[in-house]
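**Q** Give the three-dimensional model of this entry:
(chains A, B and C)
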Amino acid sequence: MTNNILVLLDVSADGSLAPSSHELLGAAESLGTPVALLVGYSEHRNALAQAAADAGATKVLLADGDDGAYVVPVVDALAAAFELTKPDAVLAAHSDLSKEAVARLAVRVGCAVNVDAVNVTRDSEGVVAHHSAYGGAYTVASSATFGAPVITVRQGSIEARAGKQPLASEALTVASSNRKSATISSVTIADAPTTSRPELRGAKKVVSGGRGLGSAEKFELVEELADALGAAVGASRAAVDAGFVPQSFQVGQTGVQVSPNLYIALGISGAIQHKAGMQTSQTIIAINKDETAPIFEIADYGIVGDVFIVVPQLIAALKR
Amino acid sequence: MNMSENSVSQEDFVEILGGLRQFIREKVMPLEREIAEGDAIPESLRSQAKDLGLFGYAIGQEWGGIGLDPVQEAELAIELGYTSLAFRSMFGTNNGIAGQVISGFGTDSQKETWLEGIASGDIVASFALTETGAGSNPSSMRTKAVTTKSGWSISGEKRYITNAPSADVFITFAKVTDDAGKSAVEVFIVPSNSPGVTVGPHDKKMGQAGAWTADVHFDEVAVTEDALVGGKSGVGYRAAMTSLAKGRITIAALAVGQAQRALDESLSYAAIAKQGDDIIGNFQLVQAMLADQQVGVSSGRSLVLDAARNYASGADTRIGPSVAKLYCTEMVGRVADLAVQIHGGAGYIRDYFVEQIYRDVRLLRLYEGTSEIQRLIIGSNLVKQELASN
Amino acid sequence: MKIVVLVKEVPDTWGERLLDLETGLADRVSSERVIDEIVERGLEFAISFAEQNDGTEVIALSMASEEATGTLRKALAMGADRGVLIVDEALHGADITLTAQVLAAALEHIGFDLIVSGDQSTDGAGGVVPSAVAELLDIPQLPRLATVDLNEKEVTGAHVTDRITLSLSAPLPAMMSVSERFAEPRFPNFKGIMAAKKKPFEVLGIAELGKDISVLDRPRSIMTEIAGKPPRESGVKVIADENSGRDLAEFLKKNQLI
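**A** Purely as a prediction, here's the structure:
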């Protein structure tokens, strides 16, 4: 046993270390020795390595990426890092690219995969992943029959943070697997949102609106409250279907699943579909005209009333 | 029952019905308010209904339809009755009298010209019978057809013609008087773009917003000889009378669907609405109203399916359909009234679907033969049967 | 062209979904099973491509229990040409890597030019099985496409995530998935429902895939514990008055939420 926990780090669109890194390194430290892997981003490499060390990586492995090939270079780097560190577990964010990369790693090197964990622990047999299944209705623990498990971690679900480490970085030599990959012919990065509003995925506070808002124009009330709280903006599927906001705002079983400290549901009835995406939130506030709305069944604080009256009151009180 | 190769097996039909039910709940019901407020079926919904096969479910598979038998058709109509009646009205005339007259009694060339388009929904067929002073009863009809060198010339005025504003073809009833002065009602296939055909503005109705009716004027409209349904005199009229009887079962089925919806809406309201600390569903007087609704729905459903079976077997093609239409359309009126009552003040507010049901179902007692006409048909045929058996 | 769509059956997300607390597996009896809705979008893509391109065969492939016949038939009713269902006792409770191995073997058995999968399923929310399959088959993968352009030789598309759009392309054979942004799936129409019964439908076991797949020779993920969470209890519920906003702000402050 090396006690190493190999952590694949994500990088945000602006070239900084993704917020998930802090959680992953925090989780890794509770399991063993966090060794981080960064693939690509050569122009930001030093800053990223430093940020990873600050977040608790005892060692940072730096691998060259290939901007023209999708996923496979990351998998090749992971395989090389796996070979080098012989880890007890591999952790990665349950983000689009990372989950694909580690799933590929798992079948390539022969590991068991556990995805979308909300916590990781270690017992005498090894590393255990804890999941919240079916939108939080069940908790499930799973582990590998043998060998190091590969685990993806739901963003925003882990509280633990690792202490700062001195920077120890090392270039990783990666042999190409020559496995076939899709070619990336162009990359377009949308402008960062003009507000300083946090991204929905992984946000600590979320304000969501439902069909009860009535129209796209009136949905601005949700945004106003979100900005007053420094929260991300979400929506129910009904609000998305009604065209109030784009689909990327959808919180729910088929949209983004969130588990913030604070979730405020405005004019959302609380269909099972929606609850499945937010019921692991720590504190849930609901404001709805319909006193029979199911959202009240899970709300810590419910107000039966018109959002267009209550929310402006709340915003005024917050600004005071 | 005649199970030809082109019939729909019960196994398939169960899935068709399940698919339709899902479609209605997921695609139509969310648009109910939009249909009512916009007084139109959204084009995207029309095209989905077309893709699904709803324009030709009662037309034979050889013409690209689905070819449901009368019992299956009745079950389908009960499902269709669960949502805005305007939705079903959009394809009701294609499957109903207009389509049935051509597929049952048209000449080969008439079938080839029209049926595929009608079954697919590319063509909207409308049924032009009713006139001022001559309801759904053809005997006092004033629209006339006179023979010309190349065919017929039709003149007259029709009222309340369903789907007239969107129709591509009118199955038109007109009176023909022969040289001896004897007149008979004949049925003609008149393309809506024929010179002399004009369609009035669509009527402002009490309910069923989204289903359009209008006056249709025929001003010396020239049609060729082969516009006469069946190619010879007398065929079309008999066809229409047969089709009208089947149409009555459909109306009865729609009534059952609406009644079921009124009951379901009432139940879900009674289960959440509170008076004091108790839900109103726990009040016995409300329970009595729910019970009466359920009795109406259950008996109506049995009656419709029984009438459809007897129609399909040929055992009863006259009395049964009228009995079903009379009972079910009166029943849904009562059930809708109870639904409004259970909702209290809310039932008078447009936010609640029962308010729409209350207005929409009123028409069911009027068209394709009023309740009074049904009673006359039932009574006169009973006596006729009795006399014949003596 | 041969397009294989990986059809995943899931409990209907609109109903209450249950896990069996003894086995930890989905309780198939108490939840209605449907095709995963994102897979339906994938099917829509494959079927509409086939409608516009003669000589395209769409095969719906699923690894599930015998009861999945019904959901796979729905894929046929939507317009897929034939169905292949992999059913094997040994696959009960299969994890991600085993599922990927079996699907990869089935895909080699069937043959393919393009594999279409959903983006992520609504129950496991994993979305990683297709990636593992692509790795095993050594084919390029183009996941989460919001738009797709497919021809006989190549597939290209826009891969859209929160803020980044990548233009991806790969020669066939390849694997792609569509995202929720992709076109709405069609409803199976009445004719499709009737035609589905007459379409070829194969049920195969692992042995028939011509690959030696063992459950035990590789590490697998196993469930060691499962518990139903006590349902979340509701807290205070108040009727709005002119102080509601202020009271709520105080509640948030008191609980250190702002």
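**Q** Extract the residue ranges of the stretch 1-150 of chain C that are flagged as low pLDDT.
**A** Scanning the stretch 1-150 of chain C for pLDDT under 70 picks out the ranges C:10-33, C:119-126.
**Q** Tell me which residues touch whatever residue of it ends up closest to chain B, please.
**A** Proximity of the stretch 1-150 of chain C to chain B (CB to the nearest CB) peaks at residue C:77, 7.5 Å away. Glycine gets a C-beta too; all of them are placed from N, C-alpha and C. Contact partners of residue C:77, counting by CB atoms under 8 Å, 6 or more residues apart in numbering or on different chains, are B:15, B:19, C:188, C:192-193, C:195-196.
**Q** any chance of these in TSV, plus distance to residue C:140?
**A** As requested, the contacts of residue C:77 are arranged in TSV below (distance: CB to CB, whole Å):
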residue	distance to residue C:140
B:15	38
B:19	36
C:188	31
C:192	32
C:193	36
C:195	34
C:196	32
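**Q** from those, which two are the most distant?
**A** B:19 and C:195 (13.1 Å; CB to CB).
**Q** Looking only at neighbour counts, state which of these two leads.
**A** residue B:19 (21 against 15; other CB atoms under 10 Å in any protein chain shown).
**Q** Using the three-state scheme, assign the more buried one.
**A** What DSSP: H, G, I helix; E, B strand; the rest coil gives for residue B:19 is helix.
**Q** And it, how far from residue C:81?
**A** Distance, residue B:19 to residue C:81, by CB to CB, to the nearest Å: 20 Å.
**Q** need the strands for the stretch 151-300 of chain A, in chain order.
**A** A:169-171, A:183-189, A:205-209, A:232-235, A:262-266, A:283-288 (DSSP state E, counting those that start in this stretch).
**Q** And chain B, by the same measure?
**A** B:125-128, B:144-147, B:151-162, B:169-177, B:183-191, B:197-202, B:213-224, B:274-275, B:278-279 (DSSP state E).
**Q** picking that back up, adding distance to residue B:367 and mean neighbour count, write the strands of the stretch 151-300 of chain A out as a markdown table.
**A** Rendered in a markdown table, the data for the strands of the stretch 151-300 of chain A read as follows (distance: least, CB to CB, whole Å; neighbours: other CB atoms under 10 Å in any protein chain shown):
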| stretch | distance to residue B:367 | mean neighbour count |
| --- | --- | --- |
| strand A:169-171 | 82 | 14 |
| strand A:183-189 | 58 | 13 |
| strand A:205-209 | 44 | 27 |
| strand A:232-235 | 43 | 28 |
| strand A:262-266 | 45 | 28 |
| strand A:283-288 | 42 | 25 |
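**Q** As a markdown table, these with distance to chain C and mean pLDDT would be great.
**A** Shown next, in a markdown table, are the strands of the stretch 151-300 of chain A (distance: least, CB to the nearest CB, whole Å; pLDDT from 0 to 100):
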| stretch | distance to chain C | mean pLDDT |
| --- | --- | --- |
| strand A:169-171 | 25 | 91 |
| strand A:183-189 | 4 | 87 |
| strand A:205-209 | 7 | 96 |
| strand A:232-235 | 11 | 94 |
| strand A:262-266 | 5 | 96 |
| strand A:283-288 | 6 | 94 |
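**Q** Turn those into TSV, including distance to chain B.
**A** Converted to TSV, the strands of the stretch 151-300 of chain A look like this (distance: least, CB to the nearest CB, whole Å):
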stretch	distance to chain B
strand A:169-171	54
strand A:183-189	30
strand A:205-209	18
strand A:232-235	17
strand A:262-266	19
strand A:283-288	13
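**Q** where does the stretch 151-258 of chain C come near chain B, residue by residue?
**A** C:186-191, C:193-194, C:197 (CB under 8 Å from any CB of the partner chain).
**Q** got the residues of the stretch 51-200 of chain A near chain B?
**A** So the stretch 51-200 of chain A never meets chain B (CB under 8 Å from any CB).
**Q** show me where the stretch 51-200 of chain A has helices.
**A** Assigned by DSSP state H, counting those that start in this stretch, the stretch 51-200 of chain A shows helices spanning A:72-85, A:96-109.
**Q** of all the residues in chain B, which ones are close to chain A?
**A** So chain B meets chain A at B:30, B:272 (CB under 8 Å from any CB).
**Q** ok, back up a step: so can I have CSV of the contacts of residue C:77 showing pLDDT and distance to residue C:68?
**A** Converted to CSV, the contacts of residue C:77 look like this (pLDDT from 0 to 100; distance: CB to CB, whole Å):
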residue, pLDDT, distance to residue C:68
B:15, 91, 16
B:19, 92, 18
C:188, 91, 16
C:192, 93, 19
C:193, 93, 17
C:195, 92, 20
C:196, 92, 14
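**Q** between the residues of the stretch 151-258 of chain C next to chain B, which is nearest chain A?
**A** Closest to chain A, out of all of those and judged by CB to the nearest CB, is residue C:187, at 16.3 Å.
**Q** The closest one is in contact with residue B:21, isn't it?
**A** No. The pair residue C:187 and residue B:21 fails to qualify as a contact (CB atoms under 8 Å) at a distance of 11.2 Å.
**Q** more crowded one of these two?
**A** residue C:187 (22 against 14).
**Q** Now do the SS call for the more buried one.
**A** Quick answer, by three-state DSSP: residue C:187 is coil.
**Q** Serialize the helices of the stretch 51-200 of chain A to JSON lines and add fields for mean pLDDT and mean neighbour count.
**A** Shown next, in JSON lines, are the helices of the stretch 51-200 of chain A (pLDDT from 0 to 100; neighbours: other CB atoms under 10 Å in any protein chain shown):
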{"stretch": "helix A:72-85", "mean pLDDT": "95", "mean neighbour count": "22"}
{"stretch": "helix A:96-109", "mean pLDDT": "92", "mean neighbour count": "26"}
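**Q** Would you reformat those helices as JSON lines and include distance to chain C?
**A** JSON lines is the format used below for the helices of the stretch 51-200 of chain A (distance: least, CB to the nearest CB, whole Å):
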{"stretch": "helix A:72-85", "distance to chain C": "7"}
{"stretch": "helix A:96-109", "distance to chain C": "4"}
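**Q** what would the ones you listed look like in a markdown table with distance to residue C:106?
**A** Below are the helices of the stretch 51-200 of chain A laid out as a markdown table (distance: least, CB to CB, whole Å):
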| stretch | distance to residue C:106 |
| --- | --- |
| helix A:72-85 | 23 |
| helix A:96-109 | 15 |
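**Q** returning to what we had before: between the contacts of residue C:77, which has the most around it?
**A** Going by other CB under 10 Å, residue C:193 tops these with 29 neighbours.
**Q** Okay, and it sits in which element?
**A** Using DSSP states H and E, residue C:193 sits in helix C:190-196.
**Q** Counting by contacts, list what that helix packs against.
**A** If you count contacts as 3 or more CB pairs under 8 Å, 6 or more residues apart in numbering or on different chains; DSSP states H and E, helix C:190-196 packs onto helix B:10-23, helix C:69-78.
**Q** Report the buried residues of the shortest one.
**A** By 16 or more other CB atoms under 10 Å in any protein chain shown, the buried positions in helix C:69-78 come out as C:71-78.
**Q** Got the domain ranges for the chain?
**A** I'll assume chain A. Domain segmentation of chain A under automatic domain parsing yields A:4-171, A:205-319.
**Q** look at chain B instead
**A** B:10-120, B:125-234, B:237-389.
**Q** among those, which is nearest chain C?
**A** Going by CB to the nearest CB, the one of the domains of chain B nearest chain C is domain B:10-120, 3.7 Å.
**Q** Start and end of the closest one, how far apart?
**A** 23 Å (CA to CA, to the nearest Å).
**Q** With stretch A:79-95 instead?
**A** Terminal-residue distance, stretch A:79-95 (CA to CA): 19 Å.
**Q** And stretch B:96-115, by the same measure?
**A** 13 Å.
**Q** Can you list the buried residues in that stretch?
**A** Of the residues in stretch B:96-115, those buried (16+ other CB under 10 Å) are B:96-107, B:110-111, B:113-115.
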